[in-house]
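**Q** Fold the following, please.
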Amino acid sequence: MRRLKREQKHDEPFLDDLLASAREPLRKLAGLSVLTIAKRASAQTDALNALWKNLLRLPATGAATCVSITKAILLLTDGRIGPAFDSQVRRKLGVARPASCAEWLKNLEEIGEDIAAFERVNGPITKAVPTEFAGLAHGRLYDMALGPR
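**A** Below you'll find the model as predicted:
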C-alpha cells in the first residue's frame, strides 16, 4: 500500500519527487547509451549532471554515493547507461569511486570504448550472451558481466 507523503517518516525529497525531477533530464537522454556517451551533445551532458545532482538527494539522510546514483541511472535509462559502480564493478575496472559526474562520465566513455572494441572483434555483445538476456541494453549487460553473480 502506498503511503502518502505526509505519512512518511523522513523529510523531503521523497522518491516520487526525485523521479518527477528526473523526467526532463531523462527526456534529453532518449537514445543515448553507454556506446554513444562519448558523442553526447552538451545538452545531454547537462542532463546527466542534473540527474547526478538530483540523485545525490536519494537517501533520507546525507548524500547518495556513486553506487546508488549510478544504479538509479541504470534503472531509469532501462540499462542503456551503465554499469552501476558498485565495489565489484569498480574493482574489476580498476577505477576509484567517481566523486563527481565528470569522473563518472569519463569512466563511461572508456566502458563504451571497451564494448566497441569487443564488438569489433567478436560481433554484437547481444550475440555473446544467453538468449534470455539478448534484449537487454549494453549498460545492463556490462553491469551483469562485472557485477555480483
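**Q** So in the chain, which helix runs the longest?
**A** Taking DSSP state H as the criterion, the chain has its longest helix at helix 101-122.
**Q** where does the closest residue to Val67 other than its chain neighbours fall, phi/psi-wise?
**A** Distances taken as CB to CB, 6 or more residues apart in numbering place Asp86 nearest to Val67, at 5.1 Å, with adjacent residues excluded. Bear in mind the C-beta positions are built from the backbone N, C-alpha and C, glycine included. Note on Asp86: its backbone torsions stand at phi -70, psi 170 [degrees, to the nearest 10].
**Q** Could you measure from Asp86 over to Arg80?
**A** Separation of Asp86 from Arg80 (CB to CB, to the nearest Å): 18 Å.
**Q** which residues touch the longest helix of the chain?
**A** Residues from elsewhere that reach helix 101-122, judged by CB atoms under 8 Å, 6 or more residues apart in numbering: 33-38, 45, 48-49, 52-53, 66, 69-70, 81, 83, 85, 93, 95, 98, 125, 128, 138, 142.
**Q** Quick one: mean pLDDT for it?
**A** When pLDDT is averaged over helix 101-122, the result is 97.
**Q** Nothing else from me, thank you.
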